[in-house]
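Chemist: Okay, predicted coordinates and the sequence, questions at the end:
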Amino acid sequence: MEIQVQRYQRNKVLGNSESAQLYYLKFVPGKSRTHTDESIAKSMERIGSLSIDDVLHCNRAMTREIRTLLAQGDKVHIQGLGTFFLSFNCTGTEEEKDCTVRNIHKVNVRFKPDNTFRLVNDSTVATRGAEGCVKFAIKGETTTGSSGGGNDDGGDDSGGGWIDPTA
């Protein structure tokens, strides 16, 4: 299975219409699916000995516990996946007495993947098809030899994958 990407053109420096126009890649909109805890539980039931209800109960209990631990300012490490932690943005002040928790205006949950959870582009690894290898294909292009150029998905994209940003 390959991840579909497409080319698009934009200014090198965003917001500066005078900067050079460069081509970048982005995910093809509408191609990725969102999996719910229930759909994952159904998959896990097929391959394991737990029922859907057991899997959902464990996942929801784990989610509640992770939220509680993050709210306490702790980090949560899940073996083979990575570490969840909080970060925040706050505005700076000139006086120390003016720097309070009211200056925090945004709190984020961050994720740092485990070293074992490395997804690598198939074109940059020595062994093709190795575990953790992600294959990308440019929409509308066919694969030629070992260049990893892409996969013809049968779409009617006559521009060879090029996207006109003004369209």
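Modeler: Received, thanks. Keep in mind the model is a prediction, meaning the values are calculated, not measured.
Chemist: got the domain boundaries for this protein?
Modeler: With domains defined by automatic domain parsing, the chain comprises 1-32+118-167, 35-74, 75-93+101-117.
Chemist: With mean neighbour count and mean pLDDT as extra columns, can I get those in JSON lines?
Modeler: Where C-beta positions appear, they are placed from N, C-alpha and C, glycine not excepted. Putting these into JSON lines (neighbours: other CB atoms under 10 Å; pLDDT from 0 to 100) gives the following:
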{"stretch": "domain 1-32+118-167", "mean neighbour count": "12", "mean pLDDT": "68"}
{"stretch": "domain 35-74", "mean neighbour count": "12", "mean pLDDT": "92"}
{"stretch": "domain 75-93+101-117", "mean neighbour count": "12", "mean pLDDT": "90"}
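Chemist: how about the strands of this structure, start to end?
Modeler: 2-11, 21-27, 76-78, 82-90, 104-113, 120-121, 133-139, 150-151 (DSSP state E).
Chemist: any residues touching the third one, and which ones?
Modeler: Among residues not part of strand 76-78, those counted as contacts by CB atoms under 8 Å, 6 or more residues apart in numbering are 66, 69, 70, 83, 84, 85, 114.
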